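Asks: 3D model of this:
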Amino acid sequence: MFLISFSLIAKEIDELQVYKFSKPEEKITGFIADKYIELVNQGLLSHKMKIVLIGLPQLRSLYEVNKGEIDGDVGRIPELFKGDNPEFSNIYPLPTSIGNYANRAFVLKDSPYQKFSELDKLKTCGYVRGELAALLISSKHKCVEAKSFNQLRTMLDLGRIDYFLVPDLEGFPLYNPQTQKMRMLPDRLHEVGLHPALNVRHRNSFFEKVLTQVINGLKEKGFPKKLLLNLQRKNKSK
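Replies: The predicted structure follows:
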């Protein structure tokens, strides 16, 4: 009986179709991607599908999707795939979005600036490497790359940059480094939908159809907003 049960489980595992998606390598945003895809996989499992996440640098992840080495990326802004950019020509955004994506600006607490439009007078903006939306927002300034959000905080504290940008999903900054030395401006900048990005081989596929249905179902249930709210509450209670 045990052998029969084991063989049935093994057969079921063999039939599971696994899709590889990239997620942010940064610890905080990567953790949020993990929690969200856990919910997605609950919906995919009934169709014997599963997404596994691989942490990759932001730009490299797109190159890997474009080459077809992996199947997709958890979330990107659609603007990246418009036009004739050969680096991303084999990538397309899923028709449905995970949620609303924007950026938030952080400045030193004692700075006089109260909104983003006042930052035109400044010279340098920090952003995490691969966060390409930040480059669209801060085009008037010299942009300085950092390897992580924590490094941005250090750079601002030491005066190496005038401000920095961090991603925001559904009104929740994905990294909130507010300390006694810095604060977040209220503006949600360049608000767009954040869409999973897939390699073109999946266009019009059954996988695309099911993934779209699952994501729409999660949005109807209030995700990822509920997930982000729960994480925020846990962080405050620590």
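
Asks: who touches the helix or strand encompassing residue 31?
Replies: Here residue 31 sits within helix 27-44, counting by DSSP states H and E. Under the contact criterion C-beta atoms under 8 Å, 6 or more residues apart in numbering, helix 27-44 has outside partners 21, 23-24, 50-51, 53, 55, 74-75, 98, 148-149, 167, 169, 174-175, 210-211, 213-215, 217-218, 223-224, 227-228, 231. Just so you know, the C-beta spots here come from the backbone N, C-alpha and C atoms, and that holds for glycine as well.

Asks: filter those to the buried ones?
Replies: Buried subset of these (neighbour count, 16 or more other C-beta atoms under 10 Å): 21, 23-24, 51, 53, 74-75, 98, 149, 167, 169, 174-175, 211, 214-215, 218, 223-224, 227-228, 231.

Asks: ok, the residue sitting nearest the centre point of the chain to residue 209 distance?
Replies: The centroid of the chain falls nearest to residue 75 when counting by C-alpha atoms, centre = their mean (4.8 Å). Applying C-beta to C-beta, to the nearest Å, the value for residue 75 to residue 209 is 19 Å.

Asks: Equivalent analysis for residue 24, please.
Replies: Counting by C-beta to C-beta, the gap from residue 24 to residue 209 is 26 Å.

Asks: burial of the closest residue to residue 24 other than its chain neighbours, as a residue count?
Replies: Of all residues not flanking residue 24 in the chain, residue 30 sits nearest, at 4.9 Å (C-beta to C-beta, 6 or more residues apart in numbering). Residues near residue 30, counting by other C-beta atoms under 10 Å, number 15.

Asks: what does the one 5 residues further on give?
Replies: Using other C-beta under 10 Å, residue 35 has 14 neighbouring residues.

Asks: do the same with residue 185
Replies: Applying other C-beta under 10 Å, we find 19 residues neighbouring residue 185.
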